[in-house]
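Undergrad: Let me see the structure of the following:
(2 chains)
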Amino acid sequence: EAQVTQNPRYLITVTGKKLTVTCSQNMNHEYMSWYRQDPGLGLRQIYYSMNVEVTDKGDVPEGYKVSRKEKRNFPLILESPSPNQTSLYFCASSYTAAGGYTFGSGTRLTVV
Amino acid sequence: AQKVTQAQTEISVVEKEDVTLDCVYETRDTTYYLFWYKQPPSGELVFLIRRNSFDEQNEISGRYSWNFQKSTSSFNFTITASQVVDSAVYFCALSEGTGGSYIPTFGRGTSLIVHP
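TA: Residues are numbered from 1 along each chain as shown, chains lettered A, B, ... in the order given. All right, here's what the predicted structure looks like:
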């Protein structure tokens, strides 16, 4: 089944403790992106990647890192999480940059 | 300034009513793409439609239809004879090439509640 898999689905962590949210797609898509969703703000883009080793900042990149060492994986790294990063995170992928994106199921992160 | 404006935060209708969700976008590009996504209460995001800037034909898919008008920079979504299962948050998104990226920018969403 074609899908984008995010893990974990839920995560509660403490301020400052590094964490990684994994994202993997099995569709050989070149384009991948991370979004965060907050009430009243919709989805805001954090980082995106156009291919292996090619990444760029989105609208709200502060406090996040990403890497794209393999085509299928695009992990989101929070080196020192803070409470304002409590949010619902989505990973998405597409064959083309302007294609219809397939989204993962989301990761609900709470930073206390 | 928002590039994608969904002015309706929440819409409430009774089943079988028709409902239109508005989307107004802003871009200087001549080539761009517009999307609608649905997020049901379960939380996943479901792709509904993609339109490119050169194709202003309206599209109909079952009870769903989309009206793209470049003259007013709008890409509105109509659900005919709404059903309870249509209750969801609907997002409009714009994909433009400024800066070399076509990664979509989303509006803030419209929450549609369909009452039985």
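Undergrad: Look at residue B:85 and give its secondary structure.
TA: Each residue gets one of three states, and residue B:85 gets helix by DSSP: H, G, I helix; E, B strand; the rest coil.
Undergrad: okay, which residue is most central for chain A?
TA: residue A:34 (3.2 Å; Cα atoms, centre = their mean).
Undergrad: and it, what element?
TA: strand A:31-38 (DSSP states H and E).
Undergrad: Just checking: what are the partner strands of that strand?
TA: Strand pairing for strand A:31-38, using DSSP bridges, gives strand A:42-51 (antiparallel), strand A:87-94 (antiparallel).
Undergrad: any bit of the helix or strand just after the shortest one sitting next to chain B?
TA: In the C-terminal direction, the helix or strand that comes right after strand A:87-94 (DSSP H and E) is strand A:102-103. Yes: for strand A:102-103, a contact with chain B is found by Cβ under 8 Å from any Cβ of the partner chain, at A:102, A:103. (C-beta placed from N, C-alpha, C; glycine too.)
Undergrad: got the buried residues for the helix or strand just after strand A:102-103?
TA: Downstream of strand A:102-103, the first helix or strand assigned by DSSP H and E is strand A:107-111. Residues of strand A:107-111 classed as buried: A:107, A:109, A:111 (neighbour count, 16 or more other Cβ atoms under 10 Å in any protein chain shown).
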